[in-house]
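Q: just the structure for this:
(4 chains)
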Number of protein chains: 2
Amino acid sequence: MGRPVLTDEQVEDFRARACEVAMQLFVDEGYEGFTLRALAKELGCSHATPYRYFAGKPGIFAAVRAQGFVRFGSFLRQRLEGETVPIERVRILARAYFDFSVEQAAAFTIIFEMGQPLPDEPETSREAGRDAWSVLYGVIAEAVDAGALEGEVNELAHTMWAGIHGVATLHLASKLAMGRDAEAMLTSMTDALIRAHQPRGKS
Amino acid sequence: MGRPVLTDEQVEDFRARACEVAMQLFVDEGYEGFTLRALAKELGCSHATPYRYFAGKPGIFAAVRAQGFVRFGSFLRQRLEGETVPIERVRILARAYFDFSVEQAAAFTIIFEMGQPLPDEPETSREAGRDAWSVLYGVIAEAVDAGALEGEVNELAHTMWAGIHGVATLHLASKLAMGRDAEAMLTSMTDALIRAHQPRGKS
DNA sequence: CGCCAATCCTTGACGCCGTTAATTTAACGT
DNA sequence: ACGTTAAATTAACGGCGTCAAGGATTGGCG
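A: Sure, this is the predicted structure:
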């Protein structure tokens, strides 16, 4: 009795393509102006077709956010490749976090703004979020293990995260242009937080 | 030749009332679901009336943001009243900033997220923004003058701002619930940034 | 007093949106 | 070949932002 059935692969293909196009639309027009119908047009299908693959517009947002998380984690890991000195890895991570917020502003916005994750958020999204977090946590843990930083790792990682995140978001909101450029801000923040957690006996 | 003319006061009254109601709607349903027509209904007027007083929906957003800035500045100032010890004023300011982001989440979101200010943003908004900033700057400057903190005031103020802002926004995005509560995060951040800018010769 | 003209507000319309129901199209098993 | 059934399209509904047109309303002037 089965007649035309889509392969799981085909389904996943469509979803992936849709996410990619949606992300590009976010980049082009901001996620506020994102339109299901524009996505469908760009995809070359009817405006109701996406409903077979996503749970409406919120479903697409969730899917794109999950993809954004993955990109974020990959981006951070890639930037860290090749550097082995723990404290330098901390600085590189901070720089990568900030750069991502600029170069991939759409993805960054989707991840952190755009309202909190819906209750029906797919597990893949939370998982990807934990992945990005684990990169940050790992880099801090290494630095503490190596004696380059002092403190409770979890607290330190969260503080570092919030500090960098603050610089990135303020810059994104273009509230930071009051006489200081963002790069200098990032350096100041990183230096301050590293200095604050210096092992005792150094300036 | 003039016939029925609205007093400037009446116009300002309407604008103020509209802003107030709009803010409440933001609180109730989030600014994403905010609707001009719902505002009009709540105001008891026709759905086109607001167009006489605001430049469409973006105009209302701008007006509400300006009001949010004013509230923010007032909130910070009020919390600072009564405290005179410079370094304590820094801590109180941080706490006030964070509390505002929680207690007045709608206003906070309107100010800092919701896309950057439009190019035609009224001067009152930028002015109010500068006002809130000047509170922060002033508190930091006092602390530096009193010798409780060391560093270039502008850099220090920006760093402090970004750090607190990061804690507030991460908390708002409910990304902070990973084993640490937000209050502890705020304290960690404040302490770290104060420690990092301690005058030389102290732990 | 009665009209005029300027102002305010409402009504109605347009196009676009998200979403769902009905309908058409296409591919397999028999 | 054909009925069955998944997939996609089309059509429709209500609601949105926005704007043009048309009623109210009111003060000044003859």
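Q: who does the helix or strand hosting A:Y51 touch, helix- and strand-wise?
A: Using DSSP states H and E, A:Y51 maps to helix A:50-53. For helix A:50-53, the elements it packs on are helix A:8-29, helix A:36-43, judged by 3 or more C-beta pairs under 8 Å, 6 or more residues apart in numbering or on different chains; DSSP states H and E. Every residue, glycine included, has its C-beta placed from N, CA and C.
Q: whether the helix or strand bottoming out on mean pLDDT in chain A contacts chain B - can you check?
A: Here the helix or strand of chain A ranked lowest by mean pLDDT, DSSP states H and E is helix A:123-145, holding a mean of 88. Yes: applying C-beta under 8 Å from any C-beta of the partner chain, one finds helix A:123-145 in contact with chain B at A:G129, A:W133.
Q: off-centre distance for the helix or strand just after that helix?
A: Sequence-wise, the next helix or strand downstream of helix A:123-145 (DSSP H and E) is helix A:153-172. On the basis of C-alpha atoms, centre = their mean, to the nearest Å, helix A:153-172 sits 13 Å off its chain's mean C-alpha point.
Q: likewise for stretch A:78-98?
A: Going by C-alpha atoms, centre = their mean, where stretch A:78-98 is centred and where its chain is centred differ by 16 Å.
Q: any part of it near chain B?
A: No: using C-beta under 8 Å from any C-beta, stretch A:78-98 stays clear of chain B, with a minimum separation of 10.9 Å.
Q: which residues touch that stretch?
A: For stretch A:78-98, contacts defined as C-beta atoms under 8 Å, 6 or more residues apart in numbering or on different chains pick out A:75-76, A:99, A:135-136, A:139-140, A:142-143, A:145-146, A:148-149, A:160, A:164-165, A:167-168, A:171, A:182, A:186, A:189-190, A:194.
Q: and A:R79, how far is that from chain B?
A: A:R79 sits 20 Å away from chain B, going by C-beta to the nearest C-beta, to the nearest Å.
Q: for B:G73, see how far away that residue is.
A: According to C-beta to C-beta, to the nearest Å, A:R79 stands 38 Å off from B:G73.
Q: what sits against the residue positioned nearest the centre of chain A?
A: What sits nearest the mean C-alpha location of chain A, by C-alpha atoms, centre = their mean, is A:F72, with 4.0 Å. By C-beta under 8 Å, 6+ apart, the contact list for A:F72 reads A:F100, A:Q104, A:A107, A:F108, A:I111, A:A128, A:A132.
Q: please identify the buried residues of the helix ranked longest in chain A?
A: Determined from DSSP state H, the single longest helix within chain A is helix A:56-80. Across helix A:56-80, burial judged by 16 or more other C-beta atoms under 10 Å in any protein chain shown covers A:59-73, A:75-76, A:79-80.
Q: burial measure for the nearest residue to A:E150 once chain neighbours are set aside, as a count.
A: The shortest distance from A:E150 to any non-neighbouring residue, by C-beta to C-beta, 6 or more residues apart in numbering or on different chains, is to A:P199 (4.5 Å). Look at A:P199: counted by other C-beta atoms under 10 Å in any protein chain shown, it has 11 neighbours.
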